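Visitor: no sequence for this one, just the structure:
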C-alpha cells in the first residue's frame, strides 16, 4: 500500500511544480508585456511632444521670418529718415523701439505672432549704403519662440538728382540753382539759363555731386533759340573746347582741356576753400574740369543720368505703393493731393487719358509747397510719376518734389516753367521747357529726405541668434 501512496504524492508534487513554473512564466511574460507597453507608450508620447515642439519651433522661425519680411516692406515704403534720429528708443514709432517693438498676431492653429524692430548701424543717406539690423522674435503657442536678425543695406535706385531730359529749351530768365542739367540731346538758349546764386553772384555748387552746377549734354549745347532742335551757335567746337562763358559745361563738341587752358581746373581757383577740387581721391571733382567733352556712357556712370530712368520692374514697384496708398490715378485731373511724411503719386495716363497734362500747381499745397532752404527742414518727400502724359508748372507756385515724366516723345514734356514758379527737387522729362522765369533749386533738405519709394533694400547676414 505504501508504494501507490508514494507514487500519488510524487505525482502531486510534480503537478504543483509544473503549475508553479507555469504561473511564474505567466507572471514574467505579463510583466514583460506591461514594460514593453509602457515603454512604447512613453516613446510614442515623447515623439508626439517632440513633433509638436518641432512644429512649434518651425512655426516660430516662420513667424520670425514674417517679421523680417514686414520690416523690409516697412523700409521700402517708409524709408529710414524717421528711424535715424531715435532708434533704438523711438517713442512714437515701434519699428525703432527695442523695448516696445512692432507686434503682430498672425493667428492660425499655431497661434503665431512676432515682434520686430530696426536698429540703426550706419544711417542713410549720410552713408551710402546705409546699414540697419532687423531684430525679429517669432512665437508659436506655448513657450516656443525663435529670434533672428538680418542686416540690410539701404541705398537709392540709380537716378539723377537734378534736371534730366532728352532736350532742354532755355529762354526768358530761368534760374537753376545748386543743381545741374543733364541732357541726351540739345540744350538751347544756354545764355538764358542762369546757374548763379542770386545773393552772391557766384556759380552755385551742385549739392548732389559737389561740382559747379552746369549743363552736361551728350548732344549739343547752343545759345540759339531751339524748341529742342540745335541749329548753330554752339558753345564748343573742335578748335575751341574751352568756353570761358560756360567753363563747366560739357557736351559732344567739347574736348580735353590743356593745362594752359583757362577752363582747366577752374573750380580750384574759383572755390579755393572747397577741398574736393584738390583731393585726388575724389575722381569726379579733382582738378575739375579736365575736359569739356562728355558722352552718354560717362553721364550714366558719373551721374546716373540715363533714359529711361527706371526699369519696368522698378516702376511696377512704385505703382504698387501708390495703389496701396490710394494715390494711383488714370486721369490728369480729379486727384487728391496726399499728405503725411512721405507720399507717392502715380499718374498712369497710358489709357483713355493718354497725352494728358498734370498741372503741378495743383500739387503745390501743404505740405509740399515749401520754399527752398527752409529754416527747419521737414521730414517729408513727394514722388510724382507721370506715364503716358505731360506736366506743367507755372503761376507763382512753390513745389518741392521729385517729378518723373517717364514717357518718350510725344509725351513726357514739362512745359512752360514760368510765372515765377519755384521748384525744389529733381525733374525728369522728355523735353523740359525753361523759357519762362522759373527758379529751379536743389537744397540740402531735399537731399536729406529722398523718397522712400526710390530706395533699395538688400538683406544679408541672416542669423538665428538663439540657436
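Guide: On my side now, so go ahead. As the structure is a computational prediction, the values presented were derived from the model and not from experiment. Numbering: from 1, shown residues only.

Visitor: Can you tell me the closest non-neighbouring residue to residue 124?
Guide: Residue nearest to residue 124 in three dimensions, not counting chain neighbours: residue 130, with 2.5 Å by Cβ to Cβ, 6 or more residues apart in numbering. In this view, the C-beta of every residue, glycine as well, is placed from N, C-alpha and C.

Visitor: Revised request: answer the last question for residue 305.
Guide: Residue 305 sits nearest to residue 182 (Cβ to Cβ, 6+ apart), 3.8 Å away.

Visitor: next one: residue 333
Guide: Per Cβ to Cβ, 6+ apart, closest to residue 333 is residue 356, 7.6 Å.

Visitor: tell me the mean pLDDT for the helix or strand containing residue 25?
Guide: Assigned by DSSP states H and E, residue 25 belongs to helix 2-78. Average pLDDT, helix 2-78: 68.

Visitor: Same check on stretch 389-400?
Guide: 88.

Visitor: now that stretch, how far from the chain's geometric center?
Guide: 25 Å (Cα atoms, centre = their mean, to the nearest Å).

Visitor: What's the end-to-end length of that stretch?
Guide: With Cα to Cα, to the nearest Å applied, stretch 389-400 spans 20 Å between its terminal residues.

Visitor: returning to what we had before: following the helix holding residue 25, which helix or strand comes up?
Guide: helix 81-84.

Visitor: hmm, back to that, surely the residue nearest to residue 124 and residue 81 touch.
Guide: No: under the criterion of Cβ atoms under 8 Å, residue 130 makes no contact with residue 81, lying 10.3 Å away.

Visitor: before we move on, what SS does residue 414 have?
Guide: Using DSSP: H, G, I helix; E, B strand; the rest coil, the structure places residue 414 in strand.

Visitor: burial count for it?
Guide: 27 (other Cβ atoms under 10 Å).

Visitor: can you pull the contacts of the closest residue to it other than its chain neighbours?
Guide: Nearest non-adjacent residue to residue 414, counting by Cβ to Cβ, 6+ apart: residue 429, 4.1 Å away. Residues near residue 429 by Cβ atoms under 8 Å, 6 or more residues apart in numbering: 164, 165, 390, 391, 403, 404, 405, 412, 413, 414.

Visitor: From the residues you listed, which land in strands?
Guide: In strands, judged by DSSP state E, the following of these are found: 164, 165, 390, 391, 403, 404, 405, 413, 414.

Visitor: and of the contacts of residue 429, the nearest to residue 216?
Guide: residue 164 (9.8 Å; Cβ to Cβ).

Visitor: For that closest one, name its beta-bridge partners.
Guide: residue 182, residue 428 (DSSP bridges).

Visitor: contacting residues around it?
Guide: So residue 164 contacts 181, 182, 183, 305, 307, 309, 426, 427, 428, 429 (Cβ under 8 Å, 6+ apart).

Visitor: ok, now residue 161?
Guide: 179, 207, 208, 209, 426, 442, 446, 447.

Visitor: sec struct for it, please.
Guide: coil.

Visitor: What separation is there between it and residue 239?
Guide: 34 Å (Cβ to Cβ, to the nearest Å).

Visitor: do the same with residue 137
Guide: Counting by Cβ to Cβ - residue 137 and residue 239 are separated by 70 Å.

Visitor: who's more crowded, the two?
Guide: residue 137 (22 against 6).

Visitor: Am I right that that one is in contact with residue 64?
Guide: Yes: Residue 137 lies in contact with residue 64 (Cβ under 8 Å); the separation is 6.3 Å.

Visitor: which neighbours do those two share?
Guide: 114, 146, 147, 148.

Visitor: can you give me the strands for the stretch 301-450 of the chain?
Guide: With DSSP state E, counting those that start in this stretch as the criterion, the stretch 301-450 of the chain has strands at 328-329, 342-348, 357-359, 381-387, 390-392, 398-405, 413-415, 422-434, 439-441.

Visitor: got TSV for the ones you listed, with distance to residue 154 too?
Guide: Output for the strands of the stretch 301-450 of the chain, formatted as TSV (distance: least, Cβ to Cβ, whole Å):
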stretch	distance to residue 154
strand 328-329	25
strand 342-348	14
strand 357-359	30
strand 381-387	15
strand 390-392	29
strand 398-405	17
strand 413-415	30
strand 422-434	19
strand 439-441	26
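
Visitor: and of the ones you listed, who's closest to residue 188?
Guide: Among the strands of the stretch 301-450 of the chain, strand 422-434 sits nearest to residue 188 (Cβ to Cβ), with 9.8 Å.

Visitor: Determine how far the closest one lies from the middle of the whole chain.
Guide: So, by Cα atoms, centre = their mean, the centroid of strand 422-434 is 22 Å from its chain's centroid.

Visitor: For that strand, what does the pLDDT average out to?
Guide: Rounded mean pLDDT across strand 422-434 is 93.
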